[in-house]
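# what would the 3D arrangement of this be:
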Amino acid sequence: MRISAIVLLALASAASRAQQIDLIQNPSARQGASLDGRWQTLMDPYEAGYYDFHLNPIKDGGLGANKVPANKGDKYELTFLPATPSLQVPGDWNTQKPELLWYEGTIWYRREFDYSPPAAPRRQFLWFGAANYQAVVFVNGRKLGQHEGGFTPFQFEVTGLLKDHANAVIVKVDNQRHPDAVPPTMTDWWNYGGLTRDVKLVDVPETFIQDYQVQLEKGSLNRVAGWVRLNGTRKRQKVAIRIPEANVSTSVETGDDGYAQFAFPATLSLWSPETPKVYDVMVEAETDRVQERIGFRGIATSGTSILLNGKPVFLRGVAIHAEAPFRAGRVFSEADARTLLGWAKEMGCNFVRLAHYPHDEVMTRLADEMGLLVWSEIPVYWAVQWENPAVYTKAEHMLAEMITRDKNRASVVFWSMANETPLGDARTKFISSRLWPPRRESWMARASSPPPLCRTPARRTPSCSTTPWPNSST
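All right, here's what the predicted structure looks like:
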């Protein structure tokens, strides 16, 4: 059987106002508090903490309501008590307790924390690096929402829901495999469950810089271009973009939608695996500012060649799974990531494929710093239900979340959207005519042309086409 992976060359404009995902860009650079540490946990293989015996969701949220028996007449199927056992977050549950090694199902997490509200009006968001696979989130007994997908970040606004003491975050995490999931029931990696990446309380001004893209303008090695988007009531503001080391800057004014584009000339030391130069970049609005570390590089194709900064580059690389190097379990720390990428560098690699799902953000940020080109991927893997519209929607959303998070990483040169999938009409329609052209206007809102589509059949030389996408009118 012929198998292939489908990747998109990560041109600078590839995420231009893509499908709008309201993630806060660069949450680690924002004010707030880490919620990593010990979380109380309860196994719930029958999901009795969420459903009644007719499989209807319990009206008050069940275990998420954070109720404890107040008298002998109170009876709850499950409840958190002071002596409830705990697990470390971030971390998978499979490798923390022997009895959880093979467990697939629901585990409830609870963490309590105090919060001192700031004097000035500000907003708070509960941010999760990832939870595998489905997560339902509650704060102080109120259901915030849910997220599907085990490898991408998500967040919920909690402004007005917090109190000074004993705030309770409760998360129902379920790692059961399903045929209509992405990935489906069969993969070749371990199905780690839990809150596998960082959890943060992010605190921002009432109107804040939610998202931005800063990179070389498409087709240029001496102009910077991008966009910025504000979130809040004061959407019309002056925003400055500065690269102090290069002594360049520009300013724009956002519109009523909080969005503005910019472009300006800049003489920069270009990022490459040999010279992985990154700059401090300041994005400064009237009400907020964010500092970012960004490398600047050009990526393009010419025939069958990939051009990095206008010159052909030969990719020497390996595939890396997010398996911790010196212990069992998922990678979640900088030390783990630095070891794995360091081994690739020691072997003479200039390129890594982060198989077969988006890795922790620490991997792509370290790849920028260490000088490794990256192939980043969503787990549209093997026997996906190609003709199921719900599966397509899940895949599209995961792709948007991945690109939203990592679009400012110089290291990422491929966005991959399928791996080792059997060739067939349904699969081809899903990947080509269904996934891209119907959404092209939103994904490529300000791109002059779509990125090249690269197809890498098994045991063949990669080939890229710069012709329009299937069913494209351009």
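# and after the strand ranked longest in the chain, which helix or strand comes next?
The residue-count maximum for a strand in the chain (DSSP state E) belongs to strand 412-422. Per DSSP states H and E, the first helix or strand lying C-terminal to strand 412-422 is helix 425-428.
# CA atoms of that following helix as CSV?
Provided in CSV are the C-alpha atoms of helix 425-428 (Å, rounded to 0.1, in the frame of the first residue of the first chain):
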residue,chain,number,x,y,z
ASP,A,425,-10.7,9.1,-3.4
ALA,A,426,-12.2,9.9,0.0
ARG,A,427,-8.8,10.6,1.6
THR,A,428,-7.7,12.8,-1.4
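# how far does that helix sit from the chain's center?
Averaging C-alpha positions (CA atoms, centre = their mean, to the nearest Å) puts helix 425-428 27 Å from its chain's average.
# wait, Y392 touches I431, no?
No. In this structure Y392 lies outside contact range of I431 using CB atoms under 8 Å: 9.7 Å. (C-beta placed from N, C-alpha, C; glycine too.)
# for A410, give me its contacts.
A410 makes contact with 215, 271, 276, 278, 294-297, 368 under the criterion CB atoms under 8 Å, 6 or more residues apart in numbering.
# so of those, which ones are in strands?
Counted as lying in strands by DSSP E, out of these, are 215, 294.
# and the two most separated of the contacts of A410?
Q215 and P276 (15.1 Å; CB to CB).
# the two: which is more packed in?
Higher neighbour count among Q215 and P276: Q215, with 24 against 17, using other CB atoms under 10 Å.
# what's the more buried one in contact with, if anything?
Neighbouring residues of Q215 by CB under 8 Å, 6+ apart: 12, 224-226, 294, 296, 407-408, 410.
# next: T41.
84-87, 93, 107-110.
# may I see these organised as a markdown table, with secondary structure, distance to P244 and neighbour count added?
Shown next, in a markdown table, are the contacts of T41 (DSSP: H, G, I helix; E, B strand; the rest coil; distance: CB to CB, whole Å; neighbours: other CB atoms under 10 Å):
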| residue | secondary structure | distance to P244 | neighbour count |
| --- | --- | --- | --- |
| T84 | coil | 49 | 14 |
| P85 | coil | 49 | 10 |
| S86 | strand | 44 | 14 |
| L87 | strand | 43 | 18 |
| W93 | coil | 44 | 26 |
| I107 | strand | 46 | 22 |
| W108 | strand | 47 | 26 |
| Y109 | strand | 41 | 24 |
| R110 | strand | 44 | 19 |
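# in which helix or strand does F262 reside?
Counting by DSSP H and E, F262 is part of strand 259-265.
# show me what that strand is packed against.
The helices and strands touching strand 259-265, judged by 3 or more CB pairs under 8 Å, 6 or more residues apart in numbering; DSSP states H and E, are strand 223-231, strand 238-243, strand 248-253.
# which one of those strands is the most hemmed in?
Among those, strand 223-231 has the highest mean neighbour count (mean count of other CB atoms under 10 Å), at a mean of 22.
# mind listing what it pairs with, with the direction of each?
Using DSSP bridges, strand 223-231 pairs in its sheet with strand 208-216 (antiparallel), strand 259-265 (antiparallel).
# which one of these lies closest to Y357?
Short answer: strand 208-216, nearest of the strands paired with strand 223-231 by CB to CB, at 22.4 Å.
# between the closest one and strand 238-243, how many degrees?
Interaxial angle, strand 208-216 versus strand 238-243 (axes from the mean of the first three to the mean of the last three CA atoms, to 10 degrees): 40 degrees.
# give me the mean pLDDT for strand 208-216.
For strand 208-216, mean pLDDT is 97.
# stretch 119-132 too?
Rounded mean pLDDT across stretch 119-132 is 94.
# pull out the buried positions in it.
Neighbour-count burial for stretch 119-132 flags 123-132 (criterion: 16 or more other CB atoms under 10 Å).
# so which helix or strand takes in V204?
Here V204 is assigned to strand 199-205, by DSSP H and E.
# other SSEs contacting that strand?
strand 31-34, strand 122-128.
# CSV for those, including distance to K311?
Below are the helices and strands packed on strand 199-205 laid out as CSV (distance: least, CB to CB, whole Å):
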stretch, distance to K311
strand 31-34, 41
strand 122-128, 39
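# what are the buried residues along the lengthiest helix in the chain?
When the chain is parsed with DSSP state H, its longest helix is helix 389-406. Within helix 389-406, the residues scored as buried using 16+ other CB under 10 Å are 391-392, 394-406.
# ok, stretch 254-266 next?
Neighbour-count burial for stretch 254-266 [16+ other CB under 10 Å]: 254, 258-260, 262, 264, 266.
# how near is P205 to E104?
Using CB to CB, to the nearest Å, P205 is found at 42 Å from E104.
# try D52
Going from D52 to E104 by CB to CB gives 22 Å.
# kindly report the same for L23.
As judged by CB to CB, L23 and E104 stand 28 Å apart.
# circling back to that earlier point, packing partners of the longest strand of the chain?
Judged by 3+ CB pairs under 8 Å, 6+ apart, strand 412-422 is in contact with strand 3-9, strand 373-377, helix 389-406.
# try it again at 6 Å.
Counting contacts by 3 or more CB pairs under 6 Å, 6 or more residues apart in numbering; DSSP states H and E, strand 412-422 packs against strand 3-9, strand 373-377.
# so for it, mean pLDDT?
Mean predicted lDDT for strand 412-422 stands at 92.
# check stretch 163-179 too.
Predicted confidence along stretch 163-179 averages 96 (mean pLDDT).
# what residues does it touch?
50, 64, 66, 104-115, 131-140, 185, 191, 193-194 (CB atoms under 6 Å, 6 or more residues apart in numbering).
# and if you look at stretch 133-146?
Applying CB under 6 Å, 6+ apart, the contact partners of stretch 133-146 are 61, 64-66, 147-148, 150, 156, 158, 161, 167-175.
# chain center to that stretch: distance?
That offset, for stretch 133-146, works out to 19 Å (CA atoms, centre = their mean).
# for the stretch 1-150 of the chain, give me the ranges with low pLDDT.
Within the stretch 1-150 of the chain, the ranges that satisfy pLDDT under 70 run 1-21.
# contact partners for I294?
214, 279, 281, 408.
# and with 7 Å instead?
Counting by CB atoms under 7 Å, 6 or more residues apart in numbering, I294 makes contact with 214, 278-279, 281, 408, 410.
# ok, now F151?
By CB under 7 Å, 6+ apart, the contact set of F151 is 130, 357-358, 379.
# now do G295
271, 276-278, 368, 410.
# so of the residues you listed, which ones are in helices?
Among those, the members falling in helices (DSSP H) are D368.
# which among the helices and strands packed on strand 199-205 is found nearest to E420?
Of all the helices and strands packed on strand 199-205, it is strand 122-128 that lies closest to E420, at 28.5 Å by CB to CB.
# I'd like the next helix or strand past the closest one.
Following strand 122-128 in sequence, per DSSP H and E, is strand 134-139.
# returning to that earlier point: could you give the angle of the strand holding F262 to strand 248-253?
Using the same axes, to 10 degrees: strand 259-265 against strand 248-253 is 150 degrees.
# on that earlier part again, are any of the contacts of stretch 133-146 buried, and if so which?
With burial judged by 16+ other CB under 10 Å, the buried subset of the contacts of stretch 133-146 is 61, 64-66, 147-148, 150, 156, 158, 167-175.
# rebuild the strands paired with strand 223-231 as TSV, extending it with distance to M43.
Shown next, in TSV, are these (distance: least, CB to CB, whole Å):
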stretch	distance to M43
strand 208-216	37
strand 259-265	45
